[in-house]
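Enquirer: mind folding the following:
(2 chains)
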Number of protein chains: 2
Amino acid sequence: MLPRGRPRALGAAALLLLLLLLIGFLLLGGDPEYGRLRGASALDGDPMAGLWDHNRSACDPWPQLPPKCELLHVAIVCAGHNSSRDVITLVKSLLFYRKNPLHLHLVTDAVARNILETLFRTWMVPALGVSFYHADQLKPQISWIPNKHYSGLYGLMKLVLPGILPPGLARVIVLDTDVTFASDIAELWALFAYFSGVILLWLDRLRQVGWEQMWTLTAQRELLTLAATSLADQDIFNAVIKEHPELVQPLPCVWNVQLSDHTRAEHCYSEAADLKVIHWNSPKKVRVKNKHAGSFRNFYLTFLGYDGNLLRRELFGCPSQTLPEAEQLQRALAQLDEEDACFEFRQQQLTVHRVHITFLPHKPPPPRPHDITLVAQLSMDRLQMLEVLCRHWPGPMSLALYLTDAEAQQFLHFVEASPVLSARQDVAYHVVYREGPLYPVNQLRNVALAQALTPYVFLSDIDFLPAYSLYDYLRASIEQLELGSRRKAALVVPAFETLRYRFTFPSSKAELLALLDSGLLYTFRYHEWPQGHAPTDYARWREAQAPYRVQWAADYEPYVVVPRDCPRYDPRFVGFGWNKVAHIVELDVQEFELLVLPEAFTIHLPHAPSLDISRFRSSSTYRDCLQALKEEFHQDLSRRYGAAALKYLTALQQPRSPA
Amino acid sequence: MLPRGRPRALGAAALLLLLLLLIGFLLLGGDPEYGRLRGASALDGDPMAGLWDHNRSACDPWPQLPPKCELLHVAIVCAGHNSSRDVITLVKSLLFYRKNPLHLHLVTDAVARNILETLFRTWMVPALGVSFYHADQLKPQISWIPNKHYSGLYGLMKLVLPGILPPGLARVIVLDTDVTFASDIAELWALFAYFSGVILLWLDRLRQVGWEQMWTLTAQRELLTLAATSLADQDIFNAVIKEHPELVQPLPCVWNVQLSDHTRAEHCYSEAADLKVIHWNSPKKVRVKNKHAGSFRNFYLTFLGYDGNLLRRELFGCPSQTLPEAEQLQRALAQLDEEDACFEFRQQQLTVHRVHITFLPHKPPPPRPHDITLVAQLSMDRLQMLEVLCRHWPGPMSLALYLTDAEAQQFLHFVEASPVLSARQDVAYHVVYREGPLYPVNQLRNVALAQALTPYVFLSDIDFLPAYSLYDYLRASIEQLELGSRRKAALVVPAFETLRYRFTFPSSKAELLALLDSGLLYTFRYHEWPQGHAPTDYARWREAQAPYRVQWAADYEPYVVVPRDCPRYDPRFVGFGWNKVAHIVELDVQEFELLVLPEAFTIHLPHAPSLDISRFRSSSTYRDCLQALKEEFHQDLSRRYGAAALKYLTALQQPRSPA
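Expert: Numbering: from 1, shown residues only, chains lettered A, B, ... in the order given. The predicted structure is shown next:
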């Protein structure tokens, strides 16, 4: 049994949940009936007796779980890229065990809000509501407190949460971002019941004193008497509790199992068979040395790598709270014909992938009128391209990565282990979570494109290395050609390929031409798919001194620089084939000039064929479905552009090799 | 509430658990004290009242969970490759929620036993015991029963389990392979308590009647009266229960939530917030159409893709039951110096990877004196090589795949979708589960090598395509050279490479030489690492008409054919570099002749550099660690072979390019 009501019970081990309860007390005012009803029974005898007994089984008397379908509220303060990732792991563990509808109250900075809004919108978890609150607006209330704790100002925001959450909200569980649930949060919610009688009593007192004034005065006094230079939120809670011990009721330690050398914590989890919440509050996090660290780490890693798509499950027996988007999507999916040979293609197009934008810390580029972001997409098998790409492109990049949750963690370690990648803050990595059998190439491109923050984008592919000078040269060309403002054009970057594993990248056009002549380089896909780049007119490019205009022709798919508000890629093209071709058609029908730049070039490196290209080659169904998609694309094009779209259809109908 | 004791309560919905209880009753005889004690209280009033109430919360009166650290017993009947995979998913869900030590009693055929013994040995889960029982020995007791159920004879084995399990075993929970736990099995175990009084009563009766005689007579009678041509185990249980309704007590339906159109089942899970066990007993399995199928499927997929390594967690507060191997391993890992620059290398070498041999159905090759298995290893990024490799090598293959649990499922779908791969029963796929940052190339090779079932092995790499005739030619050569019996030799298959994505594979040595002369083919790594194959003496090979002997030289790493009892690869070499070189040294020091075959060839296809090779090139630490491993290898070699090892050390010390 842990001693109750004694100061030494109020150490670090219990603070997360003290916080929970304090906030609970403060907000319970909005729901007096609840408190009164429960209060009565709680005052009969000593309801706390035995509560802290570590040997109690799950079936000893225990507060009733909240009614089925009752909405539980959780508040989390979160700022920045790294905390956003932590929050997602916490939320996965919450969702895994929960059986009630949940509402998350997220106090975020702009970065975390951008990330988490996109994530929850695309995650589409049933019976999960999310509200955002501006952390910036809270800063003035706490910025006078000196603090050095690693969670900084954002930690202190928990002190002022009552002021920002809706007044009608009666109870909320406040969680740090570095906790992992190993049980249903409803069990924690149920503990509110035990304290309600006491809370009513305290609420009166709190109303007289005023919580805000109480902690503010305490903090100010602490600063005076201790001559402290730094106060974390826990220091302030500690001090308030010391002055007002009647405010607090410690929770069973299984609800806040911390990884440290703290003897009480170890006593707790060596005896408690059922851990409820693990708190990674050591600065060493999962690397902490501890007898059971391995086991705790495994709980954490479970949710770190857990496929978040699996949490899109409905609650049983609660009124459906399906989001309108999700409902629409389900209808569309239900209308698909499973017997259709192209069912997989159609299903993949409709799939809404979870998207985690700026998965790693990222600094947006300063606004510059001719700046360009390289846009590309990749999966795990192309990670090794990133370092070399960074060496070739010193400017901003926006990259969509198609990964499982577990692969996203491998990717994170890959970047951390690479000095080249770690040094680049201008490369934004957007994780699109895998779902379905086909690579959603154009959906990925659209995610990367939507997140590009410069006025222009270079639409590339991950296997290409641009000329070292390309970034500078393109910016100069944009300025010179007055692209965007005066001229609606797509700048074509001629594409080449090498078949060598190791090869010395040409440092100039002259060197490139020499390699071409010696057979060490080819124009891109010269052997397999010449029509893809034929209109670029490599013969003319050899001699060209100035940009020259070329005409669209069937199957043209050059790499281009365009303003970032260019048309999006058509998401119907999934897997291999025709995904860029359709985009160039779209540019042409919207009357973008196609201007080839005389000094620009990009070179494709060798790699094994992708699974999708293998399937394309080996499966006639795959080829037939691609053909069907192309025809539907052209029908849509005619519908949108009328007669202007006719030439593409005519071109399509001329007999040519497939794809 | 489900009606109790009425025949219609005995439908399909409850059978799994009827089974559990029946077996429980039968075996409780070994533990009469337990039964008597509980029996008394169970007979006071009606302990069952309210038990089946779907609205009961987790904290209504409920039987005590078993004491902390009590060992729970589970029996499963499992046969064949596919059921073995199912069992693993079931066991993962068990282990995820369990807090007690578990013992699995596995009744298996030879295939499943081979797979599961290897798996559990390498899984090293603390507080998990496993015993195996021969299913074949049970067959005579049940093979007289005609049955058509898809689980066949193995389903019927549940009837005779009492006869095969240890007599001292008091209680056991019997599970089908197609169930997924969504809760702690201890809660199910706890239900034994409710029935103990009744069980004592029944035990007397059962002792008089004899269970074996009871079900046998019933089954025989059913066969007579129904003129049935087929009886599944459930049919027999149903019939016995119909005659002896006092034997059975249905369980709450949350313990057997089935996916079907059965209205009772739907009634159960629409009201029960806490599912306990999901039973995939529809033949359509996860493809079943059902209102909540999505949610159920997600529970199943959770454990299908769950990283089994995370289940290697210790139980808290129970006496340590660490396996001796695991303990030894932990000591070795603890002795490593984390500050050592090569820590990752040393840790990776010591890692015991979970191994799932013959992950997919596999038919061992018939015994043939000169047969050869192609041995190789790969990860996801090389899956697309499998089809083309199957076209080039019509003989047996043993392939080790380095995958996560989730990737193993992707791999399964990949094979199922490929007519070429599905048609091949002679390719054995062994999944080695990923753990650690470096690719354990030699451990993988050793797994594939150990599972080769022919007298000879061709030690290849996944990026190589053998000549179409190689399989036949090698067998003929082995016979002709009297390899193994008369001659201790390694047959060298000369290696070439193409840098083309698409290329027409030469159908003869003459065609290969023409391609070599035209520059479309090279000798392998001619540009980057000529010493790797220099001793093969390609100039001599051009002209050779008969096998010729070559001498070992430093860094030689040819692809060879050897008897399958050849030396194993040195597992210290992880990641890129020197892994094959060390193996050839080992062959040479053991005095294998190196014989180059004049008509044999294999060709390497292009691919992007692996992550490990990229790390090798970019990291001096990586190169230094490889150097350290090489030196340690030579020290060990000297220790084992004395003066005979001297020449390798001398060769190593001559200055050369790294690796």
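Enquirer: phi first, then psi, for A:Arg391.
Expert: Per-residue torsions, A:Arg391: phi -70, psi -30 (degrees, to the nearest 10).
Enquirer: so after the helix or strand where A:Leu594 lies, what's the next helix or strand?
Expert: If you go by DSSP states H and E, A:Leu594 is part of strand A:593-596. For strand A:593-596, the following helix or strand on the C-terminal side (DSSP H and E) is strand A:602-604.
Enquirer: how about that next one, does it reach chain B?
Expert: No - Strand A:602-604 lies out of reach of chain B by C-beta under 8 Å from any C-beta of the partner chain, never closer than 10.6 Å. (C-beta placed from N, C-alpha, C; glycine too.)
Enquirer: so what touches that strand?
Expert: Under the contact criterion C-beta atoms under 8 Å, 6 or more residues apart in numbering or on different chains, strand A:602-604 has outside partners A:460-461, A:463-467, A:470, A:493-498, A:505-506, A:512, A:521, A:524, A:559.
Enquirer: what about the host helix or strand of A:Cys390, average pLDDT?
Expert: For A:Cys390, the element it lies in under DSSP H and E is helix A:385-392. The average pLDDT for helix A:385-392 rounds to 95.
Enquirer: which elements pack onto it?
Expert: Packing partners of helix A:385-392 (3 or more C-beta pairs under 8 Å, 6 or more residues apart in numbering or on different chains; DSSP states H and E): strand A:372-379, strand A:397-403, helix A:419-422, strand A:464-466.
Enquirer: redo that, cut-off 10 Å
Expert: strand A:372-379, strand A:397-403, helix A:405-417, helix A:419-422, strand A:427-433, strand A:464-466, helix B:611-618 (3 or more C-beta pairs under 10 Å, 6 or more residues apart in numbering or on different chains; DSSP states H and E).
Enquirer: mind listing what's buried in the strand holding A:Leu594?
Expert: Across strand A:593-596, burial judged by 16 or more other C-beta atoms under 10 Å in any protein chain shown covers A:Glu593, A:Leu594, A:Leu595, A:Val596.
Enquirer: so where's the stretch 101-250 of chain A shaky on pLDDT?
Expert: A:148-151, A:192-210, A:226-231, A:246-250 (pLDDT under 70).
Enquirer: let's see that with 50 instead.
Expert: Within the stretch 101-250 of chain A, the stretches with pLDDT under 50 are A:196-207.
Enquirer: before we move on, back to that, now do the strand holding A:Leu594, average pLDDT.
Expert: 97.
Enquirer: enumerate every residue touching A:Ile76.
Expert: Taking C-beta atoms under 10 Å, 6 or more residues apart in numbering or on different chains as the criterion, A:Ile76 is in contact with A:83, A:86-87, A:90-91, A:94, A:104-108, A:112, A:116, A:158, A:173-177, A:179.
Enquirer: so which of these belong to helices?
Expert: Mapping those onto helices (DSSP state H) picks out A:Ser83, A:Asp86, A:Val87, A:Leu90, A:Val91, A:Leu94, A:Ala112, A:Leu116.
Enquirer: do you know how far the fifth one is from A:Tyr306?
Expert: Here A:Val91 is placed at a distance of 11 Å from A:Tyr306 (C-beta to C-beta, to the nearest Å).
Enquirer: neighbour count winner among these two?
Expert: A:Val91 (29 against 23; other C-beta atoms under 10 Å in any protein chain shown).
Enquirer: excluding chain neighbours, what is closest to the more buried one?
Expert: Among residues not flanking A:Val91 along the chain, A:Leu104 sits closest, at 7.1 Å (C-beta to C-beta, 6 or more residues apart in numbering or on different chains).
Enquirer: unless I'm mixing things up, the one you found is touching A:Trp123, no?
Expert: No - look at A:Leu104 against A:Trp123 with C-beta atoms under 10 Å: they stay out of range, at 11.4 Å.
Enquirer: overlap in contacts of these two?
Expert: Contact criterion C-beta under 10 Å, 6+ apart; residues shared by A:Leu104 and A:Trp123: A:Val91, A:Leu116, A:Val130.
Enquirer: output the residues you listed as JSON lines; include the columns distance to B:Phe359.
Expert: Below are these laid out as JSON lines (distance: C-beta to C-beta, whole Å):
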{"residue": "A:Val91", "distance to B:Phe359": "33"}
{"residue": "A:Leu116", "distance to B:Phe359": "38"}
{"residue": "A:Val130", "distance to B:Phe359": "40"}
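Enquirer: from chain B, how far off is the nearest residue to A:Glu591 once chain neighbours are set aside?
Expert: Nearest non-adjacent residue to A:Glu591, counting by C-beta to C-beta, 6+ apart: A:Lys488, 6.4 Å away. Counting by C-beta to the nearest C-beta, to the nearest Å, the separation of A:Lys488 from chain B is 36 Å.
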